[in-house]
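Predicted model and sequence below, questions to follow.
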Amino acid sequence: MTKSAKRRISPNKVRFFSTLCVSCIIMALVFILTSTVMQRSLRRAEQRYFDSCHEVLEGYASAIHFYLENYHTSLSSIYNEALFKSDDKKKIHEWIIENEPFIHDDFCTTFYVDQNKTGYFSNGRVIDLSDRTYAMYDSFDEKNYYVSDILESVYTPSPIFIVEEGVFDESHNLIGRLCASIKIAALEDITKDIKIGNSSYVTIMDRTGKYLIHPDKELIAKVYVPKSEKYRPFSSEAIAKSTDRNIETQNYEGKVMNLFSTKIENCGWTLAVVFPKERLLSIHKQQKRTEIIILLISVAALCLLLLLELLVSDYFYKNQLIAAVYDPLTTLWTRDRFEKKAERLFKRFPKAKFMLIEADIRGFKFINQNYGEEAADNMILYYSTLLNSMVRERHGLLARGYADHFFMLIRIKDVRSAMTSFRNLSNSLSQIIKSYEIPFFPKFGITFFRPAKKRAVSVKELIGQAAFAKSTIKDNMLIPYAIYNTRLLGKINEENFIETKMDDALKNEEFFIMYQPKINLTNDTVVGAEALVRWKMKDGSFLSPDKFIPLFERNGFIKKLDFYVYDKVFSFLDRQLREGKNVVTISMNMSRNHNKPERFMQEFMGLFRKYNIPPSLVQVEILERSVMDNDTLCEITERLHTEGFTVAMDDFGSGESSLNMLTKVPVDVLKFDRNFLHSSTTNSGAMDEKSAKFIQSLIDMSKRLEKETVFEGVETVIQRDFLRSVACDQVQGFFYSRPLMEEDFVAFIEKHHV
């Protein structure tokens with residue numbers, strides 16, 4: 001072939017042959033990888049099944065909790081603080097009757113129960129309730145509400161449950177309860193649209209194991225015990241008394257089922273999702289068929305790619321303008337187009353005010369994973385249609401950014417009227433969304449654009465402000481929106497200020513170490529201490545750890561600070577040994593950001609070997625609520641043990657997986673979170689009896705597992721004596737000593753050492 005002939009080869013042919021070669025290579029890899037993946041995926045099929053069941057369960061539990069929170073919010077809306085604190089029964093009764101038209105549609109009646117167990121109902125009745133179980137619950141606090149078990153009502157043909165909120169006087173004493181009764185049928189309306197297959201179903205049990213929701217209506221308000229001897233231990237009463245679990249049991253039709261249960265937040269009810277066991281048995285066969293289909297589809301797709309590559313590239317080339325302006329799924333404007341149109345509006349109306357809103361969907365990633373991409377795309381289309389109608393009425397702009405993110409810009413007269421209008425629209429939107437086949441909840445970030453006085457604000461900055469405001473909502477289901485304001489700006493400025501100072505502060509040694517002693521309860525001697533980092537800025541002011549530690553964990557600077565602390569502690573111990581002074585074991589925190597065991601140990605040991613100290617004087621505290629998985633924590637713990645260090649689990653009991661971690665992470669010491677003592681101590685300073693028994697059982701369990709126990713937050717003689725009586729090993733807290741500067745800590749050791 002001549003050079004001129006080579007020049008005549010068209011780009012399309014080059015693209016075709018290059019695609020053909022790449023496709024052949026990819027097809028070969030697909031054959032190899034698919035066969036390997038098939039074997040692995042078959043082994044993981046059962047685990048994926050259980051994981052998906054738990055995801056379904058958590059989604060339904062969140063939805064039901066959301067509805068209970070709505071009932072509480074509706075009940076709270078008729079609470080008049082001044083009136084109820086006055087304890088004027090007559091006026092309270094009149095108020096309840098007057099507000100009866102405004103209660104939630106699901107409420108049968110609302111009523112007030114005074115200290116004498118007398119009920120004042122919205123229908124005008126005054127009834128003695130001293131024989132009713134829901135009127136006997138006195139363990140209220142001012143921040144929570146109470147949901148009763150299922151109850152038989154003399155006034156309604158169907159069972160009910162009660163939502164109660166405590167009423168407190170000026171001295172924070174419980175003087176009554178504001179209550180609402182709700183038919184169980186309301187829960188049925190909530191759960192009837194849950195679709196989980198032909199032979200699967202959802203049940204809800206109260207604290208005693210009685211069913212509130214069940215496919216067999218004969219079991220409502222009853223406890224179910226399986227007929228088979230094998231499954232009798234798994235009655236509904238036993239399930240209701242247990243924590244989250246998955247079991248194999250027998251249902252009311254005699255079929256063997258897999259039951260997954262979890263507690264519904266704040267009410268103590270148990271939500272269970274029941275799947276037929278045949279479904280699990282068929283998963284392996286189904287998975288194998290799926291993998292074969294994937295292999296065939298992959299091959300077919302590659303062949304199709306080879307044939308259509310030129311046509312597709314030409315199509316996108318011709319439609320380049322459309323692709324750059326419109327979102328292909330919703331046909332809304334893209335963010336880029338939105339920003340340009342918004343800037344034009346600002347220039348066209350220089351004295352006008354605008355409201356910019358960023359909207360998305362809570363837990364959209366979960367919805368995408370749980371229901372699939374097609375269902376997620378349909379939800380995006382549905383949501384975009386609702387937002388479009390909302391914006392179109394106000395002649396605003398609407399665009400889709402990425403995934404479930406949308407941007408709206410609306411011209412307004414003033415902020416107050418704009419927010420009133422937005423709240424009304426948001427409430428209407430929430431009502432409409434309830435009818436959608438998959439439950440979802442929107443959230444919004446709002447910021448306002450006013451005529452520029454000092455400097456112009458770009459649309460990008462406004463979007464950033466709205467996004468930041470929305471991020472402050474986090475997972476609070478009761479707050480659908482947040483507004484960007486000077487408080488948020490102040491937080492940003494404070495964090496920016498800290499980040500500009502942190503590197504110089506570390507270099508200039510503005511961070512310093514304080515030591516809080518650990519005391520042996522057997523003889524009240526000091527046996528250790530925890531190293532705590534503090535920050536004294538160059539101007540002499542102190543910055544509290546709660547201001548900089550969370551920020552350092554987010555931006556990764558905490559790793560540098562950790563090793564700074566390690567170096568200071570090692571240096572202190574080395575100096576004490578060289579001077580012949582008494583020393584005790586010092587524990588140091590390992591932040592949750594260290595997720596690479598090999599790298600952490602390499603740097604840690606490199607620092608440790610600079611000093612002549614035995615590893616027995618060093619203890620590393622890991623966090624139970626770490627973002628690391630158990631395998632990573634286990635590997636770090638074992639590496640530390642190999643080098644002779646001890647490991648403690650800090651804040652034990654404050655997370656959701658304490659017992660599970662104990663079986664997998666071989667720590668030496670359990671440090672119990674200070675909230676155990678604080679929540680277990682009554683106002684009079686005594687130990688709550690039930691809490692005391694619980695703490696004793698935890699310590700007994702720790703002893704059986706051969707773990708040392710340390711309690712934080714000891715502040716009173718009663719707390720000290722109680723922990724001593726239950727054989728707790730060590731304590732730390734203000735009762736013995738606050739965190740001490742180095743020289744004061746040395747003096748403390750000399751005074752309290754054996």
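Yep, that arrived.

How about the residue nearest to residue 745 when sequence neighbours are not counted: which residues does it bridge to?
Of all residues not flanking residue 745 in the chain, residue 515 sits nearest, at 4.1 Å (C-beta to C-beta, 6 or more residues apart in numbering). The way it works is simple: take the backbone N, C-alpha and C, and place the C-beta from them, glycine included. Residue 515 has these beta-bridge partners by DSSP bridges: residue 531, residue 740.

these two touch, right, residue 515 and residue 740?
Yes - Residue 515 lies in contact with residue 740 (C-beta atoms under 8 Å); the separation is 5.4 Å.

neighbour count winner among these two?
Shown here are residue 515 and residue 740; by other C-beta atoms under 10 Å, residue 515 has more neighbours (26 against 18).

So for the more buried one, what pLDDT did the model give?
pLDDT, residue 515: 97.

residue contacts, it?
Residue 515 sits next to 529, 530, 531, 532, 586, 739, 740, 742, 745 when contact means C-beta atoms under 8 Å, 6 or more residues apart in numbering.

can I get these in a markdown table with pLDDT?
Formatted as a markdown table, these follow (pLDDT from 0 to 100):
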| residue | pLDDT |
| --- | --- |
| 529 | 96 |
| 530 | 96 |
| 531 | 96 |
| 532 | 96 |
| 586 | 97 |
| 739 | 95 |
| 740 | 96 |
| 742 | 94 |
| 745 | 96 |
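
Which among those count as buried?
Those of the contacts of residue 515 that meet the buried threshold are 529, 530, 531, 532, 586, 739, 740, 745, by 16 or more other C-beta atoms under 10 Å.

Just to be sure, the last one is in a helix?
Yes - when the secondary structure is assigned by DSSP: H, G, I helix; E, B strand; the rest coil, residue 745 falls within a helix.

Was I right to think it contacts residue 517?
Yes - counting by C-beta under 8 Å, residue 745 does reach residue 517; the two are 7.2 Å apart.

tell me the secondary structure for residue 259?
strand.

Can you read off the pLDDT for it?
87.

Check the gap between it and residue 235 for me.
Residue 259 sits 12 Å away from residue 235, going by C-beta to C-beta, to the nearest Å.

ditto for residue 566
Distance from residue 566 to residue 235, counting by C-beta to C-beta: 53 Å.

helix or strand for residue 560, which one?
Element membership of residue 560 [criterion: DSSP states H and E] is helix 558-578.

Report the buried residues of that helix.
Those would be 558-559, 561-566, 568-570, 572-574, 576-577, for helix 558-578 by 16+ other C-beta under 10 Å.

Show me what that helix packs onto, helices and strands only.
helix 486-507, strand 511-520, strand 525-536, helix 545-555, strand 585-589, helix 597-608, strand 618-623 (3 or more C-beta pairs under 8 Å, 6 or more residues apart in numbering; DSSP states H and E).

ok now do the residue lying closest to residue 742 once chain neighbours are set aside, which residues does it touch?
Counting by C-beta to C-beta, 6+ apart, residue 742 lies nearest to residue 572, which is 6.3 Å off, once chain neighbours are set aside. Contact partners of residue 572, counting by C-beta under 8 Å, 6+ apart, are 513, 586, 742.

Out of those residues, which comes closest to residue 394?
Nearest to residue 394 out of the contacts of residue 572 is residue 513 (C-beta to C-beta; 57.7 Å).

quick one: that closest one and residue 745 touch, right?
No - using C-beta under 8 Å, residue 513 makes no contact with residue 745, being 9.3 Å away.

what's near enough to touch residue 506?
560, 561, 564.

just curious, which of the residues you listed is nearest to residue 487?
Nearest to residue 487, judged by C-beta to C-beta, of the contacts of residue 506 is residue 561 at 27.1 Å.

With residue 581 as the reference, measure out to residue 575.
For residue 575 relative to residue 581 (C-beta to C-beta), the value is 9 Å.

so what's residue 211 bridging to?
Beta-bridge pairing for residue 211 (DSSP bridges): residue 205, residue 220.

Contact partners for it?
Per C-beta under 8 Å, 6+ apart, neighbours of residue 211: 150, 203, 204, 205, 219, 220, 221, 222, 223, 224, 236.

Need the residues touching each of residue 745 and residue 517.
What both residue 745 and residue 517 touch, as defined by C-beta under 8 Å, 6+ apart, is the set residue 529.

Which stretches in the stretch 351-500 of the chain count as helices?
Here the stretch 351-500 of the chain has its helices, by DSSP state H, counting those that start in this stretch, at 364-371, 373-392, 415-433, 459-471, 486-507.

could those helices go into TSV alongside distance to residue 691 and mean pLDDT?
Below are these laid out as TSV (distance: least, C-beta to C-beta, whole Å; pLDDT from 0 to 100):
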stretch	distance to residue 691	mean pLDDT
helix 364-371	35	80
helix 373-392	45	91
helix 415-433	39	89
helix 459-471	36	85
helix 486-507	36	81
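
Distance to residue 730 for those helices - can I get that in a markdown table?
Below are these laid out as a markdown table (distance: least, C-beta to C-beta, whole Å):
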| stretch | distance to residue 730 |
| --- | --- |
| helix 364-371 | 42 |
| helix 373-392 | 51 |
| helix 415-433 | 52 |
| helix 459-471 | 40 |
| helix 486-507 | 31 |
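
how many other residues sit next to residue 674?
Neighbours of residue 674 using other C-beta under 10 Å come to 17.

Let me see the backbone angles for it.
Per-residue torsions, residue 674: phi -60, psi -20 (degrees, to the nearest 10).

pretty sure it is touching residue 710, no?
No - using C-beta under 8 Å, residue 674 is not in contact with residue 710; the gap is 11.0 Å.

now the helix holding residue 560, how far from the centre of its chain.
Relative to its chain's centre, helix 558-578 lies at 34 Å (C-alpha atoms, centre = their mean, to the nearest Å).

just the CA coordinates of that helix, formatted as CSV?
What follows is helix 558-578, C-alpha atoms only, in CSV (Å, rounded to 0.1, in the frame of the first residue of the first chain):
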residue,chain,number,x,y,z
ILE,A,558,-6.9,15.3,62.4
LYS,A,559,-4.3,12.8,61.2
LYS,A,560,-1.5,15.3,61.6
LEU,A,561,-2.8,16.4,65.0
ASP,A,562,-3.0,12.8,66.2
PHE,A,563,0.7,12.2,65.5
TYR,A,564,1.6,15.6,67.1
VAL,A,565,-0.2,14.3,70.2
TYR,A,566,1.6,10.9,70.0
ASP,A,567,5.0,12.7,69.8
LYS,A,568,4.3,14.9,72.8
VAL,A,569,3.1,12.0,74.9
PHE,A,570,6.1,9.8,74.0
SER,A,571,8.4,12.7,74.8
PHE,A,572,6.8,13.2,78.2
LEU,A,573,7.0,9.5,79.1
ASP,A,574,10.6,9.4,78.0
ARG,A,575,11.6,12.4,80.0
GLN,A,576,9.8,11.0,83.2
LEU,A,577,11.7,7.8,82.9
ARG,A,578,15.1,9.4,82.3
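
could you check the angle strand 618-623 makes with that helix?
150 degrees (axes from the mean of the first three to the mean of the last three C-alpha atoms, to 10 degrees).

so residue 539 sits in a helix?
No - assigned with three-state DSSP, residue 539 falls outside any helix and is coil.

remind me which residues of the stretch 551-700 of the chain are low pLDDT?
By pLDDT under 70, the weakly predicted segments of the stretch 551-700 of the chain are 624-630, 653-661, 663.

ok so, going back, pull up the gap between the residue nearest to residue 742 and residue 327, please.
60 Å.

Can you show me the strands along the stretch 51-200 of the chain?
Assigned by DSSP state E, counting those that start in this stretch, the strands in the stretch 51-200 of the chain fall at 107-114, 118-121, 126-128, 145-147, 160-168, 174-183.

What strands flank the second one, and is each parallel or antiparallel?
Going back to what we said before, that points to strand 118-121. Checking strand 118-121 against DSSP bridges gives partners strand 107-114 (antiparallel), strand 126-128 (antiparallel).
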